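S.K.: With the sequence up front, the predicted model follows.
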Amino acid sequence: MRAVLDHVGIAVSDLPASLAFFKDVLGLHVESSEEIASQRVRATFVNTGQSTLEMLEATAPDSPIAKFVEKRGAGMHHVALRVDDIEAALAHLRSRGIRLIDEKPRPGAEGALVAFIHPSAAQGVLVELKQPAPKVELFTKGGRHTLGDFELITLSDGFMGLDGGAMFGVVPRTLWEKRLPPDDSNRIPLGMRPLIVKRGTTTVLIDAGCGDKMDPKLAQIYKLDRRYHLDHSLADAGVSVEDIDIVVASHLHFDHAGGFTKIGKDGAIVPRFPKAKYIAHRAEWEDATHPHERNRASYLQENFVPLKDAGVLTLVDDAAEIIPGVRYRRSGGHTPNHQVLMIESGGRTAVFTADMYPTSVHIADPWVMGFDLYPVDTLAFKRAFAPEAIQREYLLFFEHDPSMAAGYLREKDGKRFVERVI
Ligand SMILES: [Zn+2]
Ligand SMILES: [Zn+2]
């Protein structure tokens, strides 16, 4: 169980007198104040960096805080620890026979879920567990868009959490944390959004998420959340695994190619889509099957080698046409042969940007991932691509965005932004 100090609760009988010390003498910043009706208490939060002081004032004579002050005087009331999953934390405590005040989480301030542990179990200290409200909206469901003769269906293979610093390269945390706030382990939430491109009876799947073969330790490091994954998403879209004719890889990193294979009944790893032909870039395949120290953790051989063994893999080169209207375009940068997919029909263009624009927050040219092997190549591609995408109104698909699947890149008064479509 991982717990981080969230706040220290202080029972006060005279809030102005308390603030005269904490605010005026210590110079701390008062953040906000909120009434919690169920507890008949008003909480005023004072910022102390990573955690806060919570000044608690009774709003009615029968409030627990009024009783506390009456019995023991003003002073320290409780310590609150922040956890990722409060249900799991309570289950863990129950299994250890710990006495709880709240058997179930209840609503706390600022949309959090909270539960108290009895002081008799914690050396006389009243301990609050708190699961904060999610800071980033997670968009799970897929969506559809018609582009000329194509039907585009965005899917979800769930979410993961990667180090925010690695996701934004040289951009300081003070800039990116406002857009994608990290958790207590500095991880930001990221989606995994494969895309279906359908024309008539032909169904193409671009990338397939990380799949279900990841070992539990890595799944924990990457905060893998596949409660809703690709099988659910395909079912919701009315597509079966047998319907997929072609699976094409933007590149072969685990969060894109993990879902290409699965563990078969006899334990052998087999293609996940039984009738599909798989397509990858020839030079990307060479890199993926000959990894070095810097990219080995991203290229997990079980995700793609079984495709070759099964005879379902076709290797192609730059600008290869996957089906008429869908082609590779080399962006490089992230990996030397990383591809975006250009989808064109009826005079309109959609682009599956994969790890070139992993999220809509990455649309600024220098916001390049630290993961990229050749960041200056990514920069060069982005500088050329963005004006083209704005001018020609490309519909951009953001594979790792936690809160949206697709949108248009716009520019107004020299500022770029994304107009969400899905
Ligand atoms: Zn990648
Ligand atoms: Zn990726």
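M.R.: Received it, and whenever you're ready, just let me know what you need. Ligands and ions are numbered 1, 2, ... in the order given.
S.K.: make it CA atoms for all contacts and neighbour counts henceforth
M.R.: Noted.
S.K.: Could you point out the longest helix of the chain?
M.R.: Residue-count comparison of every helix in the chain, with assignments taken from DSSP state H, identifies helix 375-391 as the longest.
S.K.: and whichever helix or strand comes after that one, what does it pack onto?
M.R.: Proceeding N to C from helix 375-391, the next assigned helix or strand is strand 395-397, under DSSP states H and E. Under the contact criterion of 3 or more C-alpha pairs under 8 Å, 6 or more residues apart in numbering; DSSP states H and E, the helices and strands touching strand 395-397 comprise strand 348-352, strand 406-412.
S.K.: Can you give me every residue that contacts the closest residue to Glu110 other than its chain neighbours?
M.R.: Counting by C-alpha to C-alpha, 6 or more residues apart in numbering, the nearest residue to Glu110 once its immediate chain neighbours are dropped is Ala133, at 7.1 Å. Contacts for Ala133 (C-alpha atoms under 8 Å, 6 or more residues apart in numbering) come out as Glu110, Gly111, Ala112, Leu113.
S.K.: follow-up on the earlier one: now the helices and strands packed on strand 395-397 in TSV, with distance to Val4?
M.R.: Output for these, formatted as TSV (distance: least, C-alpha to C-alpha, whole Å):
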stretch	distance to Val4
strand 348-352	38
strand 406-412	35
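S.K.: Could you export those strands as JSON lines, including mean neighbour count and distance to Gly124?
M.R.: Supplementary listing: those in JSON lines, determined by neighbours: other C-alpha atoms under 10 Å; distance: least, C-alpha to C-alpha, whole Å:
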{"stretch": "strand 348-352", "mean neighbour count": "20", "distance to Gly124": "56"}
{"stretch": "strand 406-412", "mean neighbour count": "18", "distance to Gly124": "52"}
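S.K.: between these, which gets nearest to Ala364?
M.R.: Ranking the helices and strands packed on strand 395-397 by distance to Ala364, with C-alpha to C-alpha as the measure, places strand 406-412 first at 10.7 Å.
S.K.: Verify the contact between Leu313 and Ala276 for me.
M.R.: No - with contact taken as C-alpha atoms under 8 Å, Leu313 and Ala276 are classed as non-touching, separated by 9.3 Å.
S.K.: related to what we said a few turns ago, flag whichever of the contacts of Ala133 scores worst on pLDDT.
M.R.: In terms of pLDDT, the least confident member of the contacts of Ala133 is Glu110, at 79.
S.K.: And stretch 12-32, how far out from the chain middle?
M.R.: Between the centre of stretch 12-32 and the centre of its chain there are 37 Å (C-alpha atoms, centre = their mean, to the nearest Å).
S.K.: which residues touch it?
M.R.: With contacts defined as C-alpha under 8 Å, 6+ apart, stretch 12-32 is touched by Thr44, Phe45, Val46, Asn47, Thr48, Met55, Leu56, Glu57, Ala58, Val69, Ala74, Gly75.
S.K.: Which parts of the stretch 1-150 of the chain are helices?
M.R.: Using DSSP state H, counting those that start in this stretch, the helices assigned to the stretch 1-150 of the chain run over residues 15-19, 64-72, 86-95.
S.K.: Can you add mean neighbour count, distance to Pro216 and mean pLDDT and give the ones you listed back as JSON lines?
M.R.: Written out in JSON lines, the entries for the helices of the stretch 1-150 of the chain read as follows (neighbours: other C-alpha atoms under 10 Å; distance: least, C-alpha to C-alpha, whole Å; pLDDT from 0 to 100):
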{"stretch": "helix 15-19", "mean neighbour count": "14", "distance to Pro216": "47", "mean pLDDT": "91"}
{"stretch": "helix 64-72", "mean neighbour count": "16", "distance to Pro216": "43", "mean pLDDT": "94"}
{"stretch": "helix 86-95", "mean neighbour count": "15", "distance to Pro216": "16", "mean pLDDT": "96"}
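S.K.: Take those and lay them out in TSV including distance to Glu177.
M.R.: TSV is the format used below for those (distance: least, C-alpha to C-alpha, whole Å):
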stretch	distance to Glu177
helix 15-19	29
helix 64-72	35
helix 86-95	24
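S.K.: Tell me which of those helices approaches Pro291 most closely.
M.R.: That would be helix 86-95 among the helices of the stretch 1-150 of the chain, by C-alpha to C-alpha, at 37.5 Å.
S.K.: Ends of stretch 78-96, what's the gap?
M.R.: As for stretch 78-96, its first-to-last residue distance stands at 22 Å under the measure C-alpha to C-alpha, to the nearest Å.
S.K.: now do stretch 109-119
M.R.: Start to finish, the residues bounding stretch 109-119 are 21 Å apart (C-alpha to C-alpha).
S.K.: Contacts made by that stretch with the rest, please.
M.R.: Here stretch 109-119 makes contact (C-alpha under 8 Å, 6+ apart) with 34, 36, 86, 98-108, 125-133.
S.K.: what's Gly347 in contact with, if anything?
M.R.: Going by C-alpha under 8 Å, 6+ apart, the list of residues near Gly347 reads Gly148.
S.K.: Quick check: mean pLDDT of stretch 189-201?
M.R.: Per-region confidence: stretch 189-201 scores 97 on mean pLDDT.
S.K.: swap in stretch 43-63?
M.R.: 93.
S.K.: Show me what counts as buried in it.
M.R.: Of all the residues in stretch 43-63, those buried under the rule 16 or more other C-alpha atoms under 10 Å are 43-47, 51-59, 63.
S.K.: you'd agree His338 is up against Ser331?
M.R.: Yes - here His338 lies in contact with Ser331, judged by C-alpha under 8 Å, at a distance of 5.7 Å.
S.K.: circling back to that earlier point, please indicate which of the contacts of Ala133 are buried?
M.R.: Buried residues within the contacts of Ala133, defined by neighbour count using 16+ other C-alpha under 10 Å: Ala112, Leu113.
S.K.: Quick check: the farthest pair among the contacts of Ala133?
M.R.: Greatest spatial distance in these: Glu110 and Leu113, 9.1 Å, computed using C-alpha to C-alpha.
S.K.: shaky segments in this structure?
M.R.: Across the chain, not a single residue meets the criterion (pLDDT under 70).
S.K.: quick one, what contacts the nearest residue to Ile269 once chain neighbours are set aside?
M.R.: On the basis of C-alpha to C-alpha, 6+ apart, the spatially nearest residue to Ile269 that is not a chain neighbour turns out to be Ile263, at 4.5 Å. Applying C-alpha under 8 Å, 6+ apart to Ile263 gives the contacts Lys213, Ile269, Val270.
S.K.: ok, of the residues you listed, which one's closest to Phe352?
M.R.: Using C-alpha to C-alpha, Lys213 is the member of the contacts of Ile263 that sits closest to Phe352, with 24.7 Å.
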